[in-house]
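1. Here is a sequence with its predicted model. Questions after.
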Amino acid sequence: MDLALPELAGRTAVVTGGTRGIGRAIAERLSGAGVRVLACGRAEPESLPAGVEFTAADVRDPAQAAEVVAEAIRRFGRLDIAVNNAGGSPTVPAATASANLVTSVVRLNLLAPFFVAQAANAVMREQ
């Protein structure tokens, strides 16, 4: 089913984890609806959907998360949409998972979205 998104044309978005999987599909769909999209990931992808730009960042780091938002402002002049898609967890039995592994998963799945949302909120409130 193809959903029309005409009300998003001309908007700008950041999509974390936007270079593969669901994040890439979100970035591609937003771009197809006329949204200027900045996808971020830890490593530059071999390719991106048409109209999607890239910046490297590890959003588990609050400074890098804020820099993604700042980069969107530099490139597009504003930010309208923040998609916190980055996330995941390695398959490890809980009985053998280390504290470092659990901390890393928590930083990626819980703290990183907060860091991005906090930076995006500061910009969007001023707009």
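-> That came in fine, so what should we check first?
2. So Val123 sits against Gly77, correct?
-> No: Val123 sits out of contact with Gly77 when judged by CB atoms under 8 Å, with a separation of 10.8 Å. The way it works is simple: take the backbone N, C-alpha and C, and place the C-beta from them, glycine included.
3. Same drill for these two, tell me which one is more crowded.
-> A direct count of neighbours by other CB atoms under 10 Å for Val123 and Gly77 places Val123 higher, at 17 against 10.
4. pLDDT score for Ile26?
-> On the pLDDT scale, Ile26 is placed at 96.
5. any idea which helix or strand carries it?
-> Applying DSSP states H and E as the criterion places Ile26 in helix 21-32.
6. Tell me the buried residues in that helix?
-> By neighbour count on 16 or more other CB atoms under 10 Å, the buried set for helix 21-32 is Gly23, Arg24, Ile26, Ala27, Glu28, Arg29, Leu30, Ser31, Gly32.
7. residues touching the residue nearest the centre of the chain, list them.
-> Closest residue to the average C-alpha location of the chain: Thr16 at 1.4 Å, with CA atoms, centre = their mean. Counting by CB atoms under 8 Å, 6 or more residues apart in numbering, Thr16 touches 23, 40-41, 57, 59, 68, 83-86, 112-113, 116.
8. Quick check: of those, which lies closest to Ala97?
-> Here the nearest of the contacts of Thr16 to Ala97, counting by CB to CB, is Ala112; it sits at 19.0 Å.
9. So which residues of the chain form strands?
-> Counting by DSSP state E, the chain has strands at residues 12-16, 36-41, 52-56, 81-83.
10. Let me have those in TSV, adding distance to Ser104 and mean pLDDT as columns.
-> Listed next are those as TSV, based on distance: least, CB to CB, whole Å; pLDDT from 0 to 100:
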stretch	distance to Ser104	mean pLDDT
strand 12-16	16	98
strand 36-41	16	97
strand 52-56	18	98
strand 81-83	22	98
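11. possible to save those as CSV with distance to Ala97?
-> Converted to CSV, the strands of the chain look like this (distance: least, CB to CB, whole Å):
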stretch, distance to Ala97
strand 12-16, 24
strand 36-41, 24
strand 52-56, 28
strand 81-83, 28
